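Trainee: Build the 3D model from these lines:
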Amino acid sequence: MPNPTDSPESQHDQQPQVKVDHSPKPAHATTGSSTTPRSRLTKTPKMVANGSRAFVWYILALVIVIIDQWTKWLAETKLTFHDPVPVIEPFLNWTLAYNYGAAFSFLADAGGWQKWFFSGLALLMSLFLIIYLIKAPRKATLLSFGLALVLGGAVGNLIDRLLHGHVIDFIHVHYADVWHYPIFNIADIGISIGVLLIVIDMLFLEKKREMPRS
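Mentor: Presented below is the predicted three-dimensional model:
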């Protein structure tokens, strides 16, 4: 209790003093709020899926299927089985051949069950690609292009297996009689190029799309 004999001036001098903190404050971004740290301004880019725009890639896949089936029809009607027709000597022939297995004639000599096995795999792969093209990032053009090529190639060879029980091949790359690459078709080209584009996207473009923006 203050002493009544103390003067007002002495009472004023006895009041506690407020200490001011002059220590440095952590740096904050100036966003209208002095308590928003700069790290919160970094945003992860929002990925917009293809959605209905996947229809464009379905059309590309359909074009691959049409070209593949048309060239196979030409090979069946114009070529004789295993009778090569020189195109660019000594590197390229048209040679009609049937593949009852997978790539490089894998399981071609099996008892017939491989037809349904590889058909089932191709069907599952095609359904997966159809769905994945809808969910793929809209900006990932190279990825969608590769997926569409693989889809077209898978469907093209699937049609062969269901209709004929084998895949029709006719493109024969070789070097004279020294070296021969397994005979293939347009669907195989689509699958090979498509897989290459998908790998390029995964290695060089996918991380760039996921990089946060400041």
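Trainee: Name the nearest residue to P137, ignoring sequence neighbours.
Mentor: Nearest-residue entry for P137: M47, 4.6 Å, with adjacent residues in sequence omitted and distances by Cβ to Cβ, 6 or more residues apart in numbering. Heads up, the C-betas are built off the backbone N, CA and C, glycines and all.
Trainee: Report how many residues lie close to that neighbour.
Mentor: 13 (other Cβ atoms under 10 Å).
Trainee: How about the one 3 residues further on?
Mentor: Using other Cβ under 10 Å, the number of residues around N50 comes to 22.
Trainee: correct me, but it touches S144?
Mentor: Yes - between N50 and S144 there is a contact under Cβ atoms under 8 Å: 6.4 Å.
Trainee: Give the helix, strand or coil label for the residue nearest to P137.
Mentor: Under DSSP: H, G, I helix; E, B strand; the rest coil, M47 falls in the coil class.
Trainee: roughly how far apart are it and Y175?
Mentor: Taking Cβ to Cβ, to the nearest Å as the measure, M47 falls 46 Å from Y175.
Trainee: any idea how far the most centrally placed residue in the chain is from G165?
Mentor: Among the residues of the chain, the one closest to the centroid is L143, at 3.8 Å (Cα atoms, centre = their mean). According to Cβ to Cβ, L143 stands 34 Å off from G165.
Trainee: what's the span of stretch 128-145 from first residue to last?
Mentor: One end of stretch 128-145 sits 15 Å from the other (Cα to Cα, to the nearest Å).
Trainee: neighbouring contacts of it?
Mentor: With Cβ atoms under 8 Å, 6 or more residues apart in numbering as the test, stretch 128-145 has contacts from 47-51, 53-54, 57-58, 60, 147-148, 150-151, 154, 194, 197-198, 200-201, 205-206, 209.
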